[in-house]
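1. what follows is a predicted structure for the sequence shown.
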Amino acid sequence: MLRDKRSEYLTALVLVGPFVLIYGVLFVWPTIQMVMLSFTDAPLIGPGDWVGWDNYVEILTHRLFHTAFWNTAYFVLLTVVPNTLISLLIALAVSRLNGWVQGFVLACFFLPYILPVSVVFLTWNWIIDVQYGLVQGVVSLFNGGEPRSLTRTIPLFMPTVAFVTIWWTMGFNILLFLAGLRNISPEIYEAAQLDSASRWRQFTRITWPLIWPVTALVLTIQLIAQLKIFDQVYLFSIGGRQDATIVLVQYVYKLAFQQNKGGEAATAAVLLFAMIIILSVLQYQLLRARGQK
């Protein structure tokens, strides 16, 4: 028995060892180095002197960090729950289709997800352009007949980028919800129909509880992704007031690559990393607890 257990342990080590090694080299060790760097005044490249907690005090009291934090929180509020709800509604509609029609409609919704961010930016930058944008006709109706730049007007910037982000990313969420819906046995709905249950009652009593684990997964994935938002905000803010629309990852980029403050950039990255871990774990556990009730 001891020999069999040793053989099992050796097999497990051979199978898991390469992954653990690669994970440690590419993630764990760089994370440790980043944490150590956050306690120094090092530039982007090169060593620095130990400054202890000074970087954390400096970052947490920096006005631009507060702006980046609240912009990120606002963006999360605009995208995470709306994206999840819209994806669920579309998935419910697509699930009622059959054959090639369902495949075609699903492909139309999923196609934007595989596009690179540069293509998404160029496409929507053309659509919302002040001079010849397709949506400026609608914008003019609410702006006294005059066109208006949606990405140069500060109050409209985040909602515009949030709308583009939802359009871009909801295809993957729709696939997840469809997978969850297809795991629900049709016999459950047939039994509900025999009891004269309405569509709304079937959704609230059958569909929603059974796909709640998928909903929790989508919400968690969206929370992590939107806390790390950078590409869309950075591209749409080019030529505008970037400090007014800055987000946390953009703040790290600014410190590291524009101001050559490697230590402070590492500090901001550590704070963002801790925030993502705490919020995502807390949200997932709360959603799991709700689903088990």
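-> Happy to help now that I have it. These figures come from a predicted structure and were not determined experimentally.
2. longest helix anywhere in this structure?
-> The residue-count maximum for a helix in the chain (DSSP state H) belongs to helix 63-95.
3. check the offset of that one from the chain's centre.
-> Centre-to-centre, helix 63-95 and its host chain are 8 Å apart (CA atoms, centre = their mean, to the nearest Å).
4. so for that helix, what gets flagged as buried?
-> Neighbour-count burial for helix 63-95, counted by 16 or more other CB atoms under 10 Å, picks out 65, 67-69, 71-72, 75-76, 78-80, 83-84, 87-88, 90-92, 94-95. Where C-beta positions appear, they are placed from N, C-alpha and C, glycine not excepted.
5. next helix or strand past that helix?
-> Once the chain leaves helix 63-95, the next helix or strand it forms, by DSSP states H and E, is helix 99-110.
6. show me what counts as buried in that following helix.
-> 106, 109.
7. do the same with stretch 133-152
-> 133, 136, 139, 147, 149, 150, 151.
8. cool, stretch 237-250 as well?
-> 237, 245, 246, 247, 248, 249, 250.
9. swap in stretch 177-194?
-> For stretch 177-194, by 16+ other CB under 10 Å, it's 177, 178, 180, 181, 192.
10. any idea which element the first one lies in?
-> Okay, so that is residue 177. In the assignment (DSSP H and E), residue 177 maps to helix 154-182.
11. helices or strands next to the strand or helix carrying residue 264 in the packing?
-> Here residue 264 is covered by helix 262-292, with elements defined by DSSP H and E. Helix 262-292 is packed against helix 29-37, helix 54-60, helix 212-227, helix 248-253, with contacts defined by 3 or more CB pairs under 8 Å, 6 or more residues apart in numbering; DSSP states H and E.
12. can you redo the ones you listed as TSV, where the extra columns are distance to residue 279?
-> Below are the helices and strands packed on helix 262-292 laid out as TSV (distance: least, CB to CB, whole Å):
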stretch	distance to residue 279
helix 29-37	18
helix 54-60	17
helix 212-227	6
helix 248-253	12
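13. ranking these by burial, who's on top?
-> Stretch with highest mean neighbour count among the helices and strands packed on helix 262-292: helix 248-253 (a mean of 22; mean count of other CB atoms under 10 Å).
14. average pLDDT for that helix, rounded please.
-> For helix 248-253, mean pLDDT is 94.
15. please compute how far it lies from its chain's middle.
-> Helix 248-253 sits 15 Å away from the centroid of its parent chain (CA atoms, centre = their mean).
16. element containing the closest residue to residue 148 other than its chain neighbours, please.
-> Ranked by CB to CB, 6 or more residues apart in numbering and with sequence neighbours excluded, the top spatial neighbour of residue 148 is residue 139, at 5.4 Å. Residue 139 belongs to helix 136-141 when assigned by DSSP H and E.
17. mind listing what the closest residue to residue 102 other than its chain neighbours touches?
-> The shortest distance from residue 102 to any non-neighbouring residue, by CB to CB, 6+ apart, is to residue 94 (6.0 Å). Taking CB atoms under 8 Å, 6 or more residues apart in numbering, we find residue 94 in contact with 102, 105, 106, 109, 174, 178.
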